[in-house]
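In: only geometry, no sequence info:
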């Protein structure tokens, strides 16, 4: 069995994250030589270089191989795909070349397929396999459950896609917003965003500390279950996901896509899984979007999870997330509206409601970036149809051409030859 760990990353801390997950695999009886690491790297995010992401020798000795997929390497991959499968430059650039989670995920999956891996298991560089469990008496205990086993068992049985629960902080919203931002503004922001978001509601910015998620000790042994189609497809969190690469190479599983510089690649992915078997499995993961707990990667666990302060760094992180949400909202509305009337109504409601709370937020937080929210939503609304056409064109090309070829024969230079 060959297992690929496919990780889009812009933070050198990914080295410690990978080490923790490989140690988790060994602890639970998996052969670490079954695992290969595919780091799809964005060096612009924190002004880094490729060498900053190199795994330590101890980790390298435990695994099958590592592939460092830089922006240049993604360009080489794109050119190889273009030549072999006659894919237009415009599609190659939008799905493989450059930075962005969707492009980085696609590249890592294709490299995993080229190396003839059986499964890909995906997590992110702000996560860990250590789980906060809430005891019946209210106290917290950290545990190190088998992360890989549930994914592997389901994928081995023929499941196309697996998802695991996310614990900790579910989104990059500083909980101390409640101290700085009036409730009415936060409620209006949620009301505006809910028209074009799969998880945000009018209450998403209220009672933020209560939204930190722990594992109930009675839920650790829940049975896996088949995910049913809902309003937003078969919801997937790409930071804890498994992909059956046999299904992927047959063109059954779509590629990832977002409009330029948007978030939501897993949301758009989830809307295209109607004919696939998706299972939720007991592979739990801890999400630390502000990287407040680097010490847990070394086994030093906090007694409680703290509130997130409003700082220049957390404001910047939230502003980027907010703008990223707005950039994918129009295509989400386009894909989930049943009629043209519903689509126009949702877009118009969102456009009419987003300006006031975001401008108030920008003023209170002294964050000028948030002032652009209304303009961003307007611009991406105008291009939603074109973004959907890009998505539709690429997925049709993927199913028609790639699925009838042997991607494993695609020749891309290795780390040693670049």
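Out: It's in. Quick caveat: nothing in here was measured; it's all calculated off a predicted structure.

In: element containing residue 279, please.
Out: Assigned by DSSP states H and E, residue 279 falls within strand 278-280.

In: Within its sheet, name the partner strands of that strand and how each one runs.
Out: Within its sheet, and counting by DSSP bridges, strand 278-280 is paired with strand 161-163 (parallel), strand 225-226 (antiparallel).

In: and the nearest residue to residue 194 once chain neighbours are set aside, how far is that from residue 189?
Out: Distances taken as CB to CB, 6 or more residues apart in numbering place residue 201 nearest to residue 194, at 5.1 Å, with adjacent residues excluded. Just so you know, the C-beta spots here come from the backbone N, C-alpha and C atoms, and that holds for glycine as well. The gap separating residue 201 from residue 189 is 11 Å, by CB to CB, to the nearest Å.

In: Look at the two and report which has more neighbours.
Out: residue 189 (25 against 12; other CB atoms under 10 Å).

In: Spit out the contact partners of that one.
Out: 205, 357, 358, 361 (CB atoms under 8 Å, 6 or more residues apart in numbering).

In: Could you count how many residues lie near the third one?
Out: Pointing back at residue 358 there. Counted with other CB under 10 Å, the neighbours of residue 358 add up to 26.

In: Now do it, the pLDDT please.
Out: In this model, residue 358 is scored at 98, pLDDT.

In: cool, and the first one?
Out: Per-residue confidence (pLDDT) for residue 205: 96.

In: Which of the helices or strands spans it?
Out: Assigned by DSSP H and E, residue 205 falls within no helix or strand.

In: Touching, it and residue 190? I think so.
Out: Yes: the pair residue 205 and residue 190 passes the contact test of CB atoms under 8 Å, sitting 5.1 Å apart.

In: State the distance from residue 50 to residue 39.
Out: Residue 50 is 9 Å from residue 39, by CB to CB.

In: residues in contact with residue 322?
Out: Residue 322 touches 358, 370, 373, counting by CB under 8 Å, 6+ apart.

In: before we move on, the earlier item: pick out whichever of residue 205 and residue 190 has more residues nearby.
Out: Shown here are residue 205 and residue 190; by other CB under 10 Å, residue 205 has more neighbours (26 against 18).

In: follow-up on the earlier one: the contacts of residue 189 in helices, which ones?
Out: 357, 358, 361 (DSSP state H).

In: Against residue 366, how distant is the first one?
Out: Counting by CB to CB, the gap from residue 357 to residue 366 is 16 Å.

In: quick one: which of these two has more around it?
Out: Legend: neighbour count by other CB under 10 Å for residue 357 and residue 366, higher for residue 357 (24 against 9).

In: So that one sits against residue 182, correct?
Out: No: in this structure, residue 357 is not within contact of residue 182 by CB under 8 Å, at 9.9 Å.

In: just to revisit the earlier point, let me know the closest of the contacts of residue 189 to residue 167.
Out: Nearest to residue 167 among the contacts of residue 189, counting by CB to CB, is residue 205 at 20.3 Å.

In: Which residues are in contact with the closest residue in space to the closest one that isn't next to it in sequence?
Out: Nearest residue to residue 205, sequence neighbours excluded (CB to CB, 6+ apart): residue 186, at 3.7 Å. When contacts are counted by CB under 8 Å, 6+ apart, residue 186 touches 177, 178, 205, 206, 357.

In: Save the strands paired with strand 278-280 as TSV, and put in mean neighbour count and mean pLDDT too.
Out: Listed next are the strands paired with strand 278-280 as TSV, based on neighbours: other CB atoms under 10 Å; pLDDT from 0 to 100:
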stretch	mean neighbour count	mean pLDDT
strand 161-163	26	99
strand 225-226	10	98
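
In: for stretch 31-38, the distance to its chain's centre please.
Out: In terms of CA atoms, centre = their mean, to the nearest Å, the centre of stretch 31-38 is found 21 Å from the chain centre.

In: neighbours around the closest residue to residue 17 other than its chain neighbours, how many?
Out: Of all residues not flanking residue 17 in the chain, residue 125 sits nearest, at 5.5 Å (CB to CB, 6+ apart). By other CB under 10 Å, 21 other residues sit near residue 125.

In: May I see the buried residues of stretch 227-242?
Out: 227, 232, 233, 234, 235, 236, 237, 238, 239, 240, 241, 242 (16 or more other CB atoms under 10 Å).

In: Run through the residues that contact the third one.
Out: Going back to what we said before, that points to residue 233. For residue 233, the contacting residues are 270, 271, 272, 273, 274, by CB under 8 Å, 6+ apart.

In: cool, and the second one?
Out: Each residue near residue 232 by CB under 8 Å, 6+ apart is listed here: 198, 267, 270, 271, 332, 336.

In: Looking at those, which is nearest residue 116?
Out: Nearest member of the contacts of residue 232 to residue 116, counting by CB to CB, is residue 270, at 27.0 Å.

In: and that closest one, what does it touch?
Out: Per CB under 8 Å, 6+ apart, neighbours of residue 270: 198, 232, 233, 234, 235, 236.

In: And for residue 33?
Out: 62, 63, 64.

In: Got phi/psi on it?
Out: Per-residue torsions, residue 33: phi -70, psi -10 (degrees, to the nearest 10).

In: measure it to residue 148 for me?
Out: 14 Å.

In: Return the distance of the helix or strand of the chain with the lowest mean pLDDT from the chain's centre.
Out: Here the helix or strand of the chain ranked lowest by mean pLDDT, DSSP states H and E is helix 89-95, holding a mean of 88. In terms of CA atoms, centre = their mean, the centre of helix 89-95 is found 20 Å from the chain centre.

In: Which residue ranges of the stretch 1-150 of the chain form helices?
Out: Using DSSP state H, counting those that start in this stretch, the helices of the stretch 1-150 of the chain run over 14-27, 57-62, 71-85, 89-95, 101-114, 148-156.
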